[in-house]
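Undergrad: the sequence isn't on hand, but the structure is:
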């Protein structure tokens, strides 16, 4: 519900999924923010890693492949009507 207003913004796509994940991933081109979920800690207080793609097969690609696998099965959010 918090991101639904973005669904009508050109260039932004919002999707939902039912996959159990242990990180929140926010990706744009060759940069990602990975919010690592920590038991007993709210997401806003958990560590956030800023990853940049520097080479093939590194941490960026590991998280990007995970993101892509979930993204392809996720359901697009339609703008509020």
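TA: Thanks, I have it. Computed from a prediction, not measured in an experiment: that's the story for all the values here.
Undergrad: tally of neighbours for residue 19?
TA: By the criterion of other CB atoms under 10 Å, residue 19 has 9 neighbours. To be clear about C-beta, it is placed using only N, CA and C from the backbone, and glycine gets the same treatment.
Undergrad: what helix or strand does the residue nearest to the spatial centre of the chain sit in?
TA: Centroid-nearest residue in the chain, with CA atoms, centre = their mean: residue 25, separated by 2.9 Å. Element membership of residue 25, judged by DSSP states H and E, is strand 23-28.
Undergrad: what's that strand packed up against?
TA: Helices and strands touching strand 23-28, by 3 or more CB pairs under 8 Å, 6 or more residues apart in numbering; DSSP states H and E, are strand 31-36, helix 59-71.
Undergrad: angle of it against helix 59-71?
TA: Per axes from the mean of the first three to the mean of the last three CA atoms, to 10 degrees, the angle that strand 23-28 makes with helix 59-71 is 100 degrees.
Undergrad: and residue 80, what pLDDT?
TA: For residue 80, the pLDDT comes out at 55.
Undergrad: before we move on, what about residue 52?
TA: On the pLDDT scale, residue 52 gets 95.
Undergrad: can you check residue 9 too?
TA: Residue 9 is given a pLDDT of 89.
Undergrad: hmm, back to that, show me what counts as buried in the strand holding residue 25.
TA: Residues of strand 23-28 classed as buried by neighbour count (16 or more other CB atoms under 10 Å): 23, 25, 27.
Undergrad: among the residues you listed, which one lies nearest to residue 37?
TA: Comparing those against residue 37 with CB to CB places residue 23 closest, at 6.2 Å.
Undergrad: residues contacting the closest one?
TA: 34, 35, 36, 37, 63 (CB atoms under 8 Å, 6 or more residues apart in numbering).
Undergrad: biggest separation within those residues, which pair?
TA: Within those, 37 and 63 form the most distant pair, 13.5 Å apart (CB to CB).
Undergrad: comparing those two, which residue is more hemmed in?
TA: Set side by side, residue 37 and residue 63 show more neighbours around residue 63, with 18 against 13, by other CB under 10 Å.
Undergrad: tell me the contacts of the more buried one?
TA: Applying CB under 8 Å, 6+ apart to residue 63 gives the contacts 23, 25, 32, 34, 51.
Undergrad: sweet, I'm off.
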